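Q: Return a 3D structure for these sequence lines:
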Amino acid sequence: MTRPRAAVFFLLFAASIFACGSNADPPRGVGGASGGGTSQGGGGSGSGGEGQGGEGGMMPACIAAPPPTCDSVEADVYGFAVVDAEPYCLGTVLACSEGPAASPAVVDLGMPPNITATTGYTSQRLVYRTERRAGQAGVGSAMMLWPETVDPTAPLVVVAHGTAGLADDCAPSKLPSGGTTDLVFPYVGNGMPVITIDYAGLGTEGVQGYGEWYDTAQSVLDGARAGLAMLGADRPIVVIGHSQGGGAVFATQALAGSVAPELDLVLAVAHAGGFTTKTTITPTQAALLPLAPINGANGATRAINAVALYATYANLFGERQAPLVFHPDVRDTVVNAIDNQCVYDIVTALATPGPGYLPPDTYGELVEPGFLDAVIACLQMDADACTPEGQAYADHLQAAPPLPDPEGAPLVFLGGENDILYLPKTYACNLAYLETAMVPHEGCFVAGATHGDLVARSARAVLDRILGEPLVCPPEAPLAACP
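A: Numbering: from 1, shown residues only. Below you'll find the predicted structure:
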């Protein structure tokens, strides 16, 4: 029997996440937009209390508060309760603690070889008010990195990380650098303030919306608001991401004009992450799902899909219900890995046979059979076999994704010739869409680049582009047309 294309699998259960990226702060200003008092800096205009709306619409009047003094312990930052955050405006900094610092020499050690650090940094870890996909209150964590020598004309750089996992200890802001050094050091080491955000529910209460781009983009946009609040003044904003974070960048560019129109988003940079233009699943595709392979990309595909299933089920039906999405034959091993490990260890754990566990190679071997049958029935519009849970999941899978905005910020879009996760053909099709839709963009298809080294290979070109120079791509490979 012909097996369904891998693209169908990503569409249905991984929501077009091309991931397996990273595992992988002084506050100033008001919450919401960019605002008021400071703890280290000044100026800026407050967002007021008239209420804000994320993707879910207008909120009731909210509290616009300046950032607190940065004297919390780290556990209180990451443990900030959503119920206590609810009255505050989106982007309000709720708590913060002192983070690590690094000298220029240390930053230089983490740089790509063709970039030199001109400054070190200090940092703070913080938690800010955001909103989840269904309109519920949420909190997101982040690290704010301050150059020792700040370029007063530099933009605020907002970093969106690649797949880390779902366990709270996987939050990239908990790392000394706040994330992958190749995504952070070229910018903070050259005088730009940087905020590296964890998507709401990673490191904080709840479960991140892995592959849920409206949810993820809201975290990025509210993280930008929090960063401006810390600065205490308006600045242009550049959003940069890799893998899952590259997808987050596209969603952020798509939604910024409607969700956060007050932000001056001047550039969006996506490495090895794309977007989906179609989510319709035919009855034939649905019928083939149990046989769809999940054992590609050296085990990364299996892990990515398991993480996506867990996160989506948790956010639809409750965190305690999430383990039930997995087949009983693999449930204990899969759930233990997701609950306790970060992405690279999840890849290894799910690929390693053990007592009572054989790595699942298809959807049918990964997903609880009754649930998978119900989802298929709902996709095939079989009312007798479709369940409420199956319908909710089918609706989620086929929800319209955010698409790049032709009137939005210009995009810099980078792909790698040897990427086995974000495939060259996917890059070609995303590029073709941008051209047809007349979305402002520049692209680099980097010769020899893999999913893991694309950011380092292209960092010099991206830094120069942010500094106002033309984009000069690294050596490029020929790119076949979108199939």
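
Q: Excluding chain neighbours, what is closest to the spatially most distant residue from the centre of the chain?
A: For the chain, the largest distance from the centre (CA atoms, centre = their mean) belongs to Asp384, which lies 37.5 Å off. Leaving aside its sequence neighbours, Asp384 sits nearest to Ala377 (CB to CB, 6 or more residues apart in numbering; 7.7 Å). Yep, even glycine has a C-beta here, placed from its N, CA and C like the rest.

Q: Isn't the one you found up against Ala385?
A: Yes - using CB atoms under 8 Å, Ala377 is in contact with Ala385, at 3.5 Å.

Q: With neighbour numbers in mind, choose between these two.
A: Set side by side, Ala377 and Ala385 show more neighbours around Ala377, with 19 against 12, by other CB atoms under 10 Å.

Q: Just after the helix or strand hosting the residue nearest to Asp384, pick out the following helix or strand.
A: Using DSSP states H and E, Ala377 sits within helix 369-379. Using DSSP H and E, the helix or strand that directly follows helix 369-379 along the chain is helix 388-397.

Q: Could you give the separation of that following helix from the chain centroid?
A: Centroid displacement of helix 388-397 relative to its chain, using CA atoms, centre = their mean, to the nearest Å, is 23 Å.

Q: which residues does Ser97 form a beta bridge with?
A: Beta-bridge partners of Ser97, counted by DSSP bridges, are Arg125.

Q: part of a helix, is Ala229?
A: Yes - the assignment for Ala229 is a helix, going by DSSP: H, G, I helix; E, B strand; the rest coil.

Q: buried set for stretch 312-320?
A: Neighbour-count burial for stretch 312-320 flags 312-317, 319 (criterion: 16 or more other CB atoms under 10 Å).

Q: For that stretch, give me every contacting residue.
A: The contact list for stretch 312-320 (CB atoms under 8 Å, 6 or more residues apart in numbering) reads 13, 15, 132-133, 206-207, 209-212, 215, 321-322, 324-325, 389, 392-393, 396.

Q: 10 Å instead?
A: Outside stretch 312-320, the residues that touch it by CB atoms under 10 Å, 6 or more residues apart in numbering are 13-15, 132-134, 136, 166, 201, 205-212, 215, 310-311, 321-326, 367-368, 371, 388-389, 392-393, 395-397.

Q: can you pull out the strands in the stretch 101-250 of the chain?
A: If DSSP state E, counting those that start in this stretch is used as the criterion, the strands of the stretch 101-250 of the chain fall at 121-131, 137-147, 156-160, 194-197, 237-242.

Q: Could you dump those strands into TSV with mean pLDDT and mean neighbour count added?
A: Below are these laid out as TSV (pLDDT from 0 to 100; neighbours: other CB atoms under 10 Å):
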stretch	mean pLDDT	mean neighbour count
strand 121-131	98	28
strand 137-147	98	29
strand 156-160	98	30
strand 194-197	98	33
strand 237-242	99	30
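
Q: May I see those organised as a markdown table, with distance to Ala428 added?
A: Formatted as a markdown table, those follow (distance: least, CB to CB, whole Å):
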| stretch | distance to Ala428 |
| --- | --- |
| strand 121-131 | 34 |
| strand 137-147 | 33 |
| strand 156-160 | 23 |
| strand 194-197 | 29 |
| strand 237-242 | 19 |
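
Q: and Ala385, what are its phi and psi?
A: With angles defined as degrees, to the nearest 10, Ala385 sits at phi -100, psi -10.

Q: How about the contacts made by it?
A: Residues near Ala385 by CB under 10 Å, 6+ apart: 373-374, 376-378.

Q: Same question for Ala306.
A: Applying CB under 10 Å, 6+ apart to Ala306 gives the contacts 13-14, 166, 294, 325-326, 330, 333-335, 337-338, 346-347, 349-350, 360, 366-367.

Q: can we see that at 8 Å?
A: When contacts are counted by CB under 8 Å, 6+ apart, Ala306 touches 326, 334, 337-338, 346, 350, 366.

Q: Pull out the buried positions in stretch 374-385.
A: Neighbour counts over stretch 374-385 (16+ other CB under 10 Å) mark 374-380 as buried.

Q: Appreciated, that's everything.
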